[in-house]
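In: Below: sequence and its predicted model.
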Amino acid sequence: MNYPSKNHYTNIANIYDNLWSYSPEYIKFTTQKIIEHLHLISTDTLVDIGCGTGIYSKEILKHIQLQQPIICVDPSAEMLEKIPANSRLNPIKMDGVRFSQKLGFYDKIFLKEAIHYIEEKFLLFQNLWQRLIPGGIFLLLLLPPIIEYPLFAKALELYEKKQPHYQELIDLLQKVGFAVDSDIIEYPLEFPKSQYFAMVENRYMFFLSEFNDTELAAGLKEMEEKYQDKSVLKFSDHMVFIAATKPE
Ligand SMILES: C[S@@+](CC[C@H](N)C(=O)[O-])C[C@H]1O[C@@H](n2cnc3c(N)ncnc32)[C@H](O)[C@@H]1O
């Protein structure tokens with residue numbers, strides 16, 4: 001397993017939601033897309049693998065009254081602790097592959113921005129096939145192989161080295177037998193420069209935790225020089241949605 005470097009989520013759990021709270025609209029927009037791509041209905045049993053602090057599961061419940069609690073799986077106790085204790089979210093501290101091996105049947109499963117941590121991707125997809133009912137949907141969300149974020153050059157290079165290519169994942173899912181549809185959804189983002197720099201300083205994306213303090217400071221200096229005449233940073237976020245349906 002390719003576990004997050006040096007307790008990344010232990011360090012970041014306390015600020016994770018704040019890093020994203022800049023844009024409740026972004027969370028709402030993405031959640032609505034998740035609901036659409038999953039064809040979610042109130043009787044569905046739903047699993048959120050790599051749920052983190054449950055940002056998206058919590059938002060799903062604002063839009064749809066599911067009859068069963070959402071099963072929220074994550075190996076990080078610190079991230080799971082941020083999920084409010086209530087009967088509508090059921091947190092399970094477990095690695096995603098291990099969870100996928102446990103007996104159980106679900107209508108819908110999603111995994112957002114966590115697939116880069118899982119080495120045994122084919123095994124995971126085979127197991128998820130077993131966990132889904134016929135007609136069930138597994139939705140995989142990840143960033144594309146290249147991102148246009150205003151980061152320093154070494155950060156972008158490292159990202160490109162680490163991020164799995166969505167086409168390879170589509171191929172694996174098809175090999176398992178899923179019928180696969182994919183879509184790339186764009187969302188324009190805009191931050192005051194100081195806010196974005198603070199997010200980078202807080203290593204808001206997983207691969208930033210691989211830079212030590214000196215390297216990160218050098219990266220921030222490079223960004224400062226590059227964007228010296230800007231007070232606001234505008235760029236687009238692209239999210240790849242891969243919907244894998246188990247045929248009836
Ligand atoms: C970038 S966060 C995404 C959290 C959430 N899905 C979201 O979009 O806000 C990645 C999450 O994957 C979890 N993770 C790391 N390794 C994992 C594994 N092997 N199986 C399942 N989740 C894992 C981390 O603990 C972290 O909470």
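Out: Okay, I see it.
In: in stretch 57-66, what counts as buried?
Out: The neighbour-count check on stretch 57-66 (16 or more other CB atoms under 10 Å) flags 57-61, 66 as buried. In short, each C-beta sits where N, CA and C put it, glycine included.
In: Any regions of this protein where pLDDT drops low?
Out: Residue ranges of the chain with pLDDT under 70: 1-8, 10-12, 14-22.
In: Let's see that with 80 instead.
Out: 1-23, 87 (pLDDT under 80).
In: Can you name the residues of it sitting close to the ligand?
Out: Listed as neighbours of the ligand in the chain under the rule CB under 6 Å from any ligand atom: 1, 3-4, 9, 49-52, 55-56, 74-76, 79, 95-96, 112-114, 117-118, 206.
In: So residue 144, which state does it fall into?
Out: coil (DSSP: H, G, I helix; E, B strand; the rest coil).
In: how far away is it from residue 44?
Out: 28 Å (CB to CB, to the nearest Å).
In: Which residue of these two possesses the greater neighbour count?
Out: Comparing residue 144 with residue 44 by other CB atoms under 10 Å, the one with more neighbours is residue 44, at 19 against 14.
In: Excluding chain neighbours, give the residue nearest to the more buried one in space.
Out: residue 107 (4.1 Å; CB to CB, 6 or more residues apart in numbering).
In: Let's verify that neighbour: helix, strand, or coil?
Out: strand.
In: check contacts around it.
Out: The neighbourhood of residue 107, defined by CB atoms under 8 Å, 6 or more residues apart in numbering, consists of 43-46, 132-133, 136-137.
In: Just list the residues touching the nearest residue to residue 152 once chain neighbours are set aside, thanks.
Out: Closest residue to residue 152 apart from its sequence neighbours, by CB to CB, 6+ apart: residue 219 at 3.5 Å. Taking CB under 8 Å, 6+ apart as the criterion, residue 219 is in contact with 151-152, 154-155, 200, 211.
In: Now with 7 Å, please.
Out: Each residue near residue 219 by CB atoms under 7 Å, 6 or more residues apart in numbering is listed here: 152, 154-155, 211.
In: Which positions in the host helix or strand of it come out as buried?
Out: Residue 219 belongs to helix 213-226 when assigned by DSSP states H and E. In terms of neighbour count (16+ other CB under 10 Å), helix 213-226 has its buried residues at 216, 219-220, 223.
In: now swap in stretch 28-46 and tell me
Out: Neighbour-count burial for stretch 28-46, counted by 16+ other CB under 10 Å, picks out 30-31, 33-35, 37-38, 40, 44-46.
In: any idea which element residue 31 lies in?
Out: helix 24-38.
In: Pull the residues that contact the very next helix or strand once past that helix.
Out: Next helix or strand after helix 24-38 toward the C-terminus (DSSP H and E): strand 46-49. Outside strand 46-49, the residues that touch it by CB under 7 Å, 6+ apart are 40, 56-57, 66, 70-73, 96, 99, 106-111, 114.
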